[in-house]
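1. give the three-dimensional model of this entry:
(one chain, ligands or ions: 1)
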Amino acid sequence: MSKLKVLQLGEIVLAHEKWEQLTQIAEVITPKATNREEFIAECKSGRFDDVVAAYRTFPSVSITGIFDEELVQATPKSWRFLAHNGAGYDQIDAHACAARDPPLLVSNIPIIADDSTADTAVFLILGALRNLNPSMQALREGKWKGSPPPALGHDPQGKTLGILGMGGIGRNLKVKMDVFGMKAIYHNRRKMSSEDAAGAEYVSFDELLARSDVLSLNLPLNPKTRHIISTAEFAKMKKGVVIVNTARGPVMDEDALVKALDSGHVASCGLDVFEEEPKVHEGLIRNPNCVLVPHMGTWCVETQTRMEEWTIGNVMEAVTKGKLVSPVPEHIDLQSISKQYDDPDEGRAGV
Ligand SMILES: O=CC(=O)O
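-> Purely as a prediction, here's the structure:
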């Protein structure tokens, strides 16, 4: 009995055992393409015609480009599932995937990335609020001559933490910052139950901007959230506000942030994500009040291992049961109405 085919887009770095399990039930192929043009040509060449599911990583975008309508339309109809290794799936146009006939169902990573991403936000909040960066830099430059260099920071205790986007990461962050004595307020499109918001106070978007001492961005990137924080929003914030972004760079207008930092309206910032990664705005690099880390919110052995395993689990579910364990929210209903793919051997890859 022939095995169903899986397309591997990106490396398996840690979860080799689980990957081995997948190779027992599916035939794994990799693209020959080295860029988007070649990848689209390969999709159209028939080479992927028996592929049922794909495993993809964030960096594999350097080969395929984003999964936009053009790419989705080039994929063969046999290919029904796209398992993305990441919480954020802004590299994939979920609507274009849903609109394809048959739909290309997408999964992401729920929950697993919450702790490490929130931990990164804690680090950035404390680093930016306490303004650790200028003094750390001064130490390395041999400018520490006794008492610490005069870059006084602020205590978190008693300050208001504004969370824009109260999902799993926002909630996790709220609970962690309770320990530091911060009072959390949040804004989402809809108010959540107090339990789901971990007791944070729901406020309007403008109130969030006006009341936050620290504003943490924890919302997904999509056309509605692109540049949700820009010049007009900075103007509504308190002078001396601290901004932290562990979501996606383009939710904030970086040029506007640099201007707000230069004017002193924003006191400091902590950023894990950037508008044009891996490029970092010169105005952020030269400003010592910016704590900058290169998109490493989930960059830990334990979390990365679990993320790879979870994504492989989605591929295995697709191959063996014709569905995904954790479809993205836009595809949950689609999955239940989607036709099962025709398995020529009926036995779902021999299992
Ligand atoms: O940025 C990391 C992720 O989306 O998982």
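2. where does the prediction get shaky in the stretch 201-350 of the chain?
-> 337-350 (pLDDT under 70).
3. and with 80 instead?
-> Within the stretch 201-350 of the chain, the segments meeting pLDDT under 80 span 336-350.
4. would you check that Glu233 makes contact with Leu208?
-> No. The criterion here is C-beta atoms under 8 Å, and Glu233 misses it with Leu208 at 9.6 Å. Quick note: C-beta positions are derived from backbone N, CA and C, even for glycine.
5. with neighbour numbers in mind, choose between the two.
-> Taking other C-beta atoms under 10 Å, Glu233 and Leu208 do not tie; Leu208 has more neighbours (23 against 20).
6. ok, which stretches of the stretch 201-350 of the chain are helices?
-> Ranges of helices within the stretch 201-350 of the chain are 205-211, 231-235, 254-263, 282-285, 301-321, 332-337, based on DSSP state H, counting those that start in this stretch.
7. what's the answer for the stretch 51-200 of the chain, then?
-> 61-64, 69-74, 94-99, 114-129, 132-140, 168-178.
8. rank these by pLDDT, which is bottom?
-> Mean pLDDT across those is lowest at helix 132-140; the value there is a mean of 93.
9. who touches that helix?
-> Residues outside helix 132-140 that contact it (C-beta atoms under 8 Å, 6 or more residues apart in numbering) are Leu126, Gly127, Trp144, Pro148, Pro149, Ala151, Gly153, Ser268, Pro288, Asn289, Cys290, Val291.
10. spit out the contact partners of the fourth one.
-> When contacts are counted by C-beta under 8 Å, 6+ apart, Pro148 is found next to Ser135.
11. equivalent analysis for the last one, please.
-> Taking C-beta under 8 Å, 6+ apart as the definition of contact, the neighbours of Val291 are Leu124, Gly127, Ala128, Leu132, Asn133, Ser268, Cys269, Gly270, Leu271.
12. what is the burial count for the last one?
-> It stands for Leu271. 26.
13. equivalent analysis for the fourth one, please.
-> Neighbourhood size, Leu132 [other C-beta under 10 Å]: 18.
14. from Asn218, how far out is it?
-> 22 Å (C-beta to C-beta, to the nearest Å).
15. what confidence value was assigned to the most centrally placed residue in the chain?
-> Against the mean C-alpha coordinate of the chain, by C-alpha atoms, centre = their mean, the closest residue is Gly88 at 3.3 Å. For Gly88, the pLDDT comes out at 96.
16. hang on, it packs against Arg248?
-> Yes. At 5.9 Å, Gly88 counts as touching Arg248 under the criterion of C-beta under 8 Å.
17. what is in contact with the two at once?
-> Shared contacts of Gly88 and Arg248, defined by C-beta under 8 Å, 6+ apart, are found at Pro220, Leu221.
18. could you check how far Arg286 is from the ligand?
-> In this structure, Arg286 and the ligand are 25 Å apart, going by C-beta to the nearest ligand atom, to the nearest Å.
19. what's the local residue count around that residue?
-> 10.
20. about what we covered before: now the helices of the stretch 51-200 of the chain as CSV including distance to the ligand?
-> Output for the helices of the stretch 51-200 of the chain, formatted as CSV (distance: least, C-beta to the nearest ligand atom, whole Å):
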stretch, distance to the ligand
helix 61-64, 12
helix 69-74, 19
helix 94-99, 14
helix 114-129, 7
helix 132-140, 22
helix 168-178, 10
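21. to Gly297, which of the ones you listed lies closest?
-> helix 114-129 (4.1 Å; C-beta to C-beta).
22. which neighbouring elements make contact with that closest one?
-> helix 168-178, strand 214-217, strand 241-245, strand 266-271, strand 290-292 (3 or more C-beta pairs under 8 Å, 6 or more residues apart in numbering; DSSP states H and E).
23. could you list the paired strands of the shortest one along with their orientation?
-> To tie it back to what came earlier, the one meant is strand 290-292. Applying DSSP bridges, strand 290-292 is found paired with strand 266-271 (parallel).
24. ok now the partner strand, how far from the chain's centre?
-> The chain centroid and the centroid of strand 266-271 are separated by 20 Å under C-alpha atoms, centre = their mean, to the nearest Å.
25. report the angle between the axes of it and helix 132-140?
-> In terms of direction (axes from the mean of the first three to the mean of the last three C-alpha atoms, to 10 degrees), strand 266-271 departs from helix 132-140 by 80 degrees.
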